[in-house]
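J.: Next come a sequence and a model predicted from it.
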2 protein chains.
Amino acid sequence: MSDPIQLGLVGLGTIARNQHLPALEEVPELRLAAIASRNATLDDLPSYHDIDAMLAGEAGLGAISLCTPPQGRFAQAVAAIRAGRHVMLEKPPGTGVSEVQALARLAEEKGVTLFATWHSREAAAVELARALLSDVAIRRVEITWKEDVRHWHPGQEWIWEPGGLGVFDPGINALSVLTRILRDPVRLERAELEIPSNKQAPIAAQLAMETASGAPIAAEFDWRQTGPQTWDIRVETEGPEVLLREGGARLYVDGQERIAAEDREYRRLYARFAELIGAGRSDVDLAPLQLVADAFLLGAQRAVEPFHE
Amino acid sequence: MSDPIQLGLVGLGTIARNQHLPALEEVPELRLAAIASRNATLDDLPSYHDIDAMLAGEAGLGAISLCTPPQGRFAQAVAAIRAGRHVMLEKPPGTGVSEVQALARLAEEKGVTLFATWHSREAAAVELARALLSDVAIRRVEITWKEDVRHWHPGQEWIWEPGGLGVFDPGINALSVLTRILRDPVRLERAELEIPSNKQAPIAAQLAMETASGAPIAAEFDWRQTGPQTWDIRVETEGPEVLLREGGARLYVDGQERIAAEDREYRRLYARFAELIGAGRSDVDLAPLQLVADAFLLGAQRAVEPFHE
């Protein structure tokens, strides 16, 4: 095996500490070599204030992983790509579709890999669900994605700001799984967005979608769920019913549990990043973000009670 | 020359009467053979209540032109395409990007032509502007699109409803010209949307965009303009300044008028539709709608005073 690719990580928030750092320790093709963060450092690792300082100081870096909030990520990705580095993007890959399309073109021009990740697609049961659904007609799909924003996003103001997506920040995970397990493309038909009167982004949303072959898909996203949390996708087919629970970690076929595996999402993302770099390819699937953009574009907005953390 | 293609027109509102009907009289490759409208008929022409009745009653129709509001157009387009007819769509081509992508796939599957029109791209000076800008570096672009909604959209409630786009209904014309005259792709950076407190859609918007090579584009859309109306795109370059006025009908190069031609937009659209049908091709460029979707997705919203017509 060749030397591992040296990787620089930008952003050292919750997702970086809980997911990216432990995952990187288990992917031998990549070696974490430096970090950039405005207000945090890691022991024993070169730390920089921002990506430009990191790119200037670490000539050996082959790849950059961005886990900063989406609002500032475009400029960071451009800097990394222009410097000839391969780039991996946390989800959502940007604040808008046109901006990620621009990154994809730039990466192609510069001959580097761009990987727009969707971590939920790497959940244990997703590929088996896709296989089970590959040759059976879909009747309808029902998505229920309800969680407690206070628990999952404490103090994260960016999720409420323009470009932060609100409840679509978790909801886009469901859409990323949906657009992976169904082979048929999906279009958005209608949406209703519930926006707290003191915020810019929705705290809840209901979507009506449809597959190309006409199967309806109903999605309910809600960030006000206390107690048990729900991340379910139920697919009724001409054959067995396929139910993904816990965001894709568990799979039930006609009520029988088929998979309950441990979480390896980020390990799989980084292994895939290394594989894409090796193959000289990019992976930028914008279907989930496109559905969210369409929901904002054509959705009806309804003001709901103010949200205070 | 072979027999003209028989065309059915769906929707008989202002745009159909002012533009589509006179244009069709001057395009010999097409012959208006029937219309479908919920509440209007035309003398001497078979009239139907809706597209399904028209498709059932007129076996000879080869093509359908849809100039109904965007909210109901998807189902009409699907009916026409499934019936093997070529389809032309008024702008905007749909209420969301994913829905028009679905139409494009369906048209391809069925082997028919789909033409998503942008009438402003057919304005007299647009192609000359594109040619003038083809080999010169762009410094910056400034779009000013200000008109009086009461004058141009009297009684049209659908423009304020979800999917109706608000001030982006005219603004998307500017974006369609912009994305035609610049060869470089455009991404949206920031947007601010001003939404009347009694409406769902913006009455004004400011956009910050950028070309792939880094030239800034500022756009200002406003529907509250009384008195003189403005539809200008000013392009500063390393060479001459190119200014399109009156929505692309007039062209000034370094202040000198170069073109002031009569309006032939819809005649050119129909001629192009016939040409696409003849060549067995489709033309579905979603860049203008994508920029609008991104503006709704990442734009900051600001409530402004209520609008009453």
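T.: Okay, I see it.

J.: Next SSE downstream of the worst-scoring helix or strand of chain A on mean pLDDT?
T.: Least confident helix or strand of chain A, by mean pLDDT, DSSP states H and E, is strand A:256-260 with a mean of 87. Sequence order places helix A:265-279 as the next helix or strand after strand A:256-260, per DSSP states H and E.

J.: quick one: low-confidence parts of the stretch 101-250 of chain A?
T.: The stretch 101-250 of chain A contains no residues with pLDDT under 70.

J.: The least confident helix or strand of chain A: partners in the sheet, and parallel or antiparallel?
T.: Pairing partners of strand A:256-260, with direction, according to DSSP bridges: strand A:250-253 (antiparallel).

J.: Can you point out the buried residues in the strand it pairs with?
T.: Neighbour-count burial for strand A:250-253 flags A:Arg250, A:Leu251, A:Tyr252, A:Val253 (criterion: 16 or more other C-beta atoms under 10 Å in any protein chain shown). For glycine as for every other residue, the C-beta is placed from the backbone atoms N, C-alpha and C.

J.: Next, count neighbours for the closest residue in space to the second one that isn't next to it in sequence.
T.: To tie it back to what came earlier, the one meant is A:Leu251. Nearest non-adjacent residue to A:Leu251, counting by C-beta to C-beta, 6 or more residues apart in numbering or on different chains: A:Ala125, 3.6 Å away. When neighbours are defined as other C-beta atoms under 10 Å in any protein chain shown, A:Ala125 has 26 of them.

J.: A:Ala125 is in contact with A:Arg258, isn't it?
T.: Yes: between A:Ala125 and A:Arg258 there is a contact under C-beta atoms under 8 Å: 7.4 Å.

J.: Now for the two: what residues contact both?
T.: With contacts defined as C-beta atoms under 8 Å, 6 or more residues apart in numbering or on different chains, the residues adjacent to both A:Ala125 and A:Arg258 are A:Leu251.

J.: How far off centre is the least confident helix or strand of chain A?
T.: 24 Å (C-alpha atoms, centre = their mean, to the nearest Å).

J.: for it, which positions count as buried?
T.: Going by neighbour count (16+ other C-beta under 10 Å), the buried part of strand A:256-260 is A:Ile259.

J.: now swap in stretch A:79-99 and tell me
T.: In terms of neighbour count (16+ other C-beta under 10 Å), stretch A:79-99 has its buried residues at A:79-81, A:83, A:85-99.

J.: and that stretch, average pLDDT?
T.: When the per-residue pLDDT values of stretch A:79-99 are averaged, the result is 97.

J.: How far off centre is it?
T.: In terms of C-alpha atoms, centre = their mean, the centre of stretch A:79-99 is found 13 Å from the chain centre.

J.: Tabulate the CA atom coordinates of it in PDB.
T.: C-alpha atoms of stretch A:79-99 as PDB (Å, rounded to 0.1, in the frame of the first residue of the first chain):
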ATOM      1  CA  ALA A  79      -9.200  28.100  -2.000                       C
ATOM      2  CA  ALA A  80      -8.500  24.300  -1.600                       C
ATOM      3  CA  ILE A  81      -9.300  23.400  -5.200                       C
ATOM      4  CA  ARG A  82      -7.300  26.300  -6.600                       C
ATOM      5  CA  ALA A  83      -4.400  25.000  -4.500                       C
ATOM      6  CA  GLY A  84      -4.800  21.600  -6.200                       C
ATOM      7  CA  ARG A  85      -6.200  19.800  -3.200                       C
ATOM      8  CA  HIS A  86      -8.900  17.200  -3.300                       C
ATOM      9  CA  VAL A  87     -12.000  18.300  -1.300                       C
ATOM     10  CA  MET A  88     -14.600  16.600   0.800                       C
ATOM     11  CA  LEU A  89     -17.700  18.600   1.800                       C
ATOM     12  CA  GLU A  90     -20.000  17.900   4.800                       C
ATOM     13  CA  LYS A  91     -23.700  18.000   4.100                       C
ATOM     14  CA  PRO A  92     -25.300  20.200   2.900                       C
ATOM     15  CA  PRO A  93     -22.600  20.800   0.300                       C
ATOM     16  CA  GLY A  94     -23.400  24.500   0.100                       C
ATOM     17  CA  THR A  95     -26.000  27.100   0.600                       C
ATOM     18  CA  GLY A  96     -27.300  26.800  -2.900                       C
ATOM     19  CA  VAL A  97     -27.300  24.500  -5.900                       C
ATOM     20  CA  SER A  98     -25.600  26.900  -8.300                       C
ATOM     21  CA  GLU A  99     -22.700  27.300  -5.900                       C
END
